[in-house]
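Chemist: Below: sequence and its predicted model.
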Amino acid sequence: MVTRIDALRRALLVSATAWPLMAAGHGPHGHDTPRRAALPPEQKPWGIAGDPARISRTIDIRMGDDMRFRPDRITVRQGETVRLRAINRGRVMHELVIGTPEELAAHAELMKKHPGMEHDEPYMAHVAPGQRGDIVWHFNRPGNFQFACLIPGHFDAGMVGHIRVEPTSQETTR
Ligand SMILES: [Cu+2]
């Protein structure tokens, strides 16, 4: 539950840090700086930002100019903290954004209307050609989610993958 004070604090933090966050988000060096430390993690339907000290494994996901992710289907257990390493093997910018199918489709439409839109969240990695970017994500909600490249044209070309978060046995018996 977000209190009014929390919301206010978040708004202040965002306004104070928005510019450098955005500038850094599209830089050539990926997502390896602790610049998000000041923002409290926000629970999303597809999980929450993970603690790098609790990573259980790293999953490499390669991105290519054929508009495909490899692999394009991953399975994790609910409760796992995973490092998703987005590796750009192409010659153009790609990104990996986690979300629900609905959220990603809506976001892709927004990107089409505002191609210059800059954004950065802990569930995104914007990766320049030949670079890699990490997402540390705690999958604490079961379900079927997606990851996608929302760069205009890429999503429509089918640059989408699937994440299944298997419920823990404790959750299923509840
Ligand atoms: Cu792409």
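Modeler: Everything's here; your move.

Chemist: check whether stretch 74-93 contacts the ion.
Modeler: No: Stretch 74-93 is not in contact with the ion by Cβ under 5 Å from the ion; minimum separation 7.0 Å. C-beta coordinates here come from the backbone N, C-alpha and C atoms, glycine included.

Chemist: helices and strands of this structure: which one bottoms out on pLDDT?
Modeler: One helix or strand of the chain scores below all others by mean pLDDT, DSSP states H and E: helix 4-25, with a mean of 43.

Chemist: Now do the contacts for the spatially most central residue of the chain.
Modeler: Residue closest to the average C-alpha location in the chain (Cα atoms, centre = their mean): Y123, at 2.2 Å. Contact analysis of Y123 by Cβ atoms under 8 Å, 6 or more residues apart in numbering lists 44, 46-47, 49, 97-99, 135, 137.

Chemist: again, only using 10 Å
Modeler: With contact set as Cβ atoms under 10 Å, 6 or more residues apart in numbering, Y123 has these partners: 42, 44, 46-50, 84, 96-99, 103, 135-137, 145, 147.

Chemist: again, but for S56
Modeler: Per Cβ under 10 Å, 6+ apart, neighbours of S56: 50, 76-77, 79-83.

Chemist: among these, which ones are buried?
Modeler: By neighbour count, with 16 or more other Cβ atoms under 10 Å, the contacts of S56 hold 50, 76, 79-83 as buried.

Chemist: Which members of the contacts of Y123 are classed as buried?
Modeler: The neighbour count (16+ other Cβ under 10 Å) marks 44, 46-50, 84, 96-99, 103, 135-137, 145, 147 as buried among those.

Chemist: Report the two of the buried ones among the contacts of S56 separated the most.
Modeler: G79 and R83 (15.3 Å; Cβ to Cβ).

Chemist: Return the alpha-carbon coordinates of the host helix or strand of H126 using CSV.
Modeler: Per DSSP states H and E, H126 falls inside strand 124-127. Output in CSV follows, covering the C-alpha atoms of strand 124-127 (Å, rounded to 0.1, in the frame of the first residue of the first chain):
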residue,chain,number,x,y,z
MET,A,124,13.8,-2.6,-19.0
ALA,A,125,17.2,-2.8,-20.7
HIS,A,126,18.0,-0.6,-23.7
VAL,A,127,21.0,-2.1,-25.4
